[in-house]
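A.B. asks: Provide a 3D model corresponding to the input given below.
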Amino acid sequence: MHGFAFVAYVWFVLHSLGAGLLSRREAGRLVVAAFFPGAGFLTARFLTHRITETRERGARG
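C.D. replies: Okay, the predicted model is just below:
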C-alpha cells in the first residue's frame, strides 16, 4: 500500500509538471521531500505560499 501511494504521488507530481503547474525545481523539491519524515509539513507551507502568490498575480491582472 505504501509503495502504491508513493508511485501515485510521483505520478501526480509529474502530471502537474507536464501540465505546467509546477516548475522542474518545484517538482524536484516535492519528490525529494517525500523521502524525509516531517518534510510534508514544510512542503505544505511551500505550496500554500505558492498558491497565494499565484492568486495575487492573477488578481493584479
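A.B. asks: what's the local residue count around V31?
C.D. replies: 15 (other Cβ atoms under 10 Å). Just so you know, the C-beta spots here come from the backbone N, C-alpha and C atoms, and that holds for glycine as well.
A.B. asks: try F36
C.D. replies: Neighbours of F36 using other Cβ under 10 Å come to 10.
A.B. asks: V10 now?
C.D. replies: Neighbours of V10 (other Cβ under 10 Å): 14.
A.B. asks: residues in contact with it?
C.D. replies: V31, A34 (Cβ atoms under 8 Å, 6 or more residues apart in numbering).
A.B. asks: I'd like to know how far it sits from P37.
C.D. replies: Distance of V10 to P37, given as Cβ to Cβ, to the nearest Å: 18 Å.
A.B. asks: try M1
C.D. replies: 18 Å.
A.B. asks: so who does S23 touch?
C.D. replies: The neighbours of S23, taking Cβ under 8 Å, 6+ apart as the test, are L17.
A.B. asks: who does whichever helix in the chain runs longest touch, helix- and strand-wise?
C.D. replies: Under DSSP state H, the helix in the chain containing the largest number of residues is helix 39-60. The helices and strands touching helix 39-60, judged by 3 or more Cβ pairs under 8 Å, 6 or more residues apart in numbering; DSSP states H and E, are helix 24-33.
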